[in-house]
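>>> Model the following, please.
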Amino acid sequence: MTVNEAYLYFTNAVNKLSSNSGLNIPKAVFVSSFNAVQTQWVEDRVKMNELNKIRMDEIQQLMVSSKLNVKKEEQYYTIDLPANYYHYLRSYSYVGNCTIDNWLVREGDINVLLNDEFWKPSLEWGETICTLGGNKLKVYYDDFAIKNVNLIYYRYPIAINMADGYLDTNGQPTVDVDPEFLGSSVIEILNLTAQLIAGETGDNERYTVFTNRTQQHT
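Modelled structure (predicted):
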C-alpha cells in the first residue's frame, strides 16, 4: 500500500467515524498521527512477543543484527547504540576466534554481580554481563579483550511522509514515503490512526463503537 492509498483509506475511515462528514484532514496531521500510532503499535507487539507468536511474527522485519565497534573503558567496553535502535533483544561479543554471550542486567546490580562467581565475566564459561544506559551498551570484561559486539535489536519502524508542498524539519521538501507494514498490519495501524483523529472530533458514540469493533478483531 502506498502512502497516498493509506491516506485515502484513512480519510474515508475518519469520515465514517465522524458526524462531520467531508472532513479534510491535512496530510501533515495524518503523517504525524500515523507515525505516533505506528510506534505505539510496535511497542505493544514487542511487549507481547513472548506470549503470542503471531504478534512476534508481525514485527520480525524490524529485527536487526549489527556488528559494532567497541571502545575500551576501565571495566567495560562501550558500544554506541544505532540511531534506529528501539528495543534490545540480545548480544554477544567477539573475543579472539570465539564469541561469548552477553547477559543483560540492571545497572544498579552491576557491582554485586561483578563480585559474584556465577555472574562475573568469564572467558572460560563463555559469558559476561552488560547494561544499557545513555544510548550505550556496556559490556564488562576481566582477563580478555573484546574486538567487536554483535547487537540484535528491534529498530524503529520507518516513518511515513507525504509530498504536501511544505518543508520538513531539515528544510527539505517533503516526499512520499510509503508504510513498510503490509496487509492487515497496516490496515490495523490506519484504523487506530483514524480512531485517534475521530476521537478528537467529539463524536464519542461512534468512536466507541468503532474502538470496540477493532478490539474484537485484533
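
>>> Could you list the low-confidence segments of the chain?
The chain contains residues with pLDDT under 70 at 18-23, 49-56, 200-218.

>>> Not counting its own residues, what contacts the lengthiest strand in the chain?
When the chain is parsed with DSSP state E, its longest strand is strand 85-95. For strand 85-95, contacts defined as CB atoms under 8 Å, 6 or more residues apart in numbering pick out 42, 46, 62-63, 67, 77, 99-102, 104, 123, 128, 130, 132, 135, 137, 139, 144-156. Yep, even glycine has a C-beta here, placed from its N, CA and C like the rest.

>>> Could you pick out the buried ones from those?
Buried subset of the contacts of strand 85-95 (neighbour count, 16 or more other CB atoms under 10 Å): 42, 46, 62, 77, 100, 102, 123, 128, 130, 132, 137, 139, 146, 148-151, 153-156.

>>> Direction included, what does the helix or strand just after the longest strand of the chain pair against?
For strand 85-95, the following helix or strand on the C-terminal side (DSSP states H and E) is strand 98-104. Strand 98-104 pairs in its sheet with strand 85-95 (antiparallel), strand 127-133 (parallel), by DSSP bridges.

>>> Tell me which of those sits nearest to Glu117.
Across the strands paired with strand 98-104, Glu117 has its closest neighbour in strand 127-133 (12.5 Å, CB to CB).

>>> follow-up on the earlier one: with distance to Ala36 as extra columns, can I get the strands paired with strand 98-104 in a markdown table?
Formatted as a markdown table, these follow (distance: least, CB to CB, whole Å):
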| stretch | distance to Ala36 |
| --- | --- |
| strand 85-95 | 14 |
| strand 127-133 | 24 |
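
>>> Show me what the biggest helix by length in the chain is packed against.
Scanning the chain for the longest helix, with DSSP state H as the assignment, gives helix 27-48. For helix 27-48, the packing partners by 3 or more CB pairs under 8 Å, 6 or more residues apart in numbering; DSSP states H and E come out as helix 3-17, helix 53-58, strand 85-95, helix 183-198.
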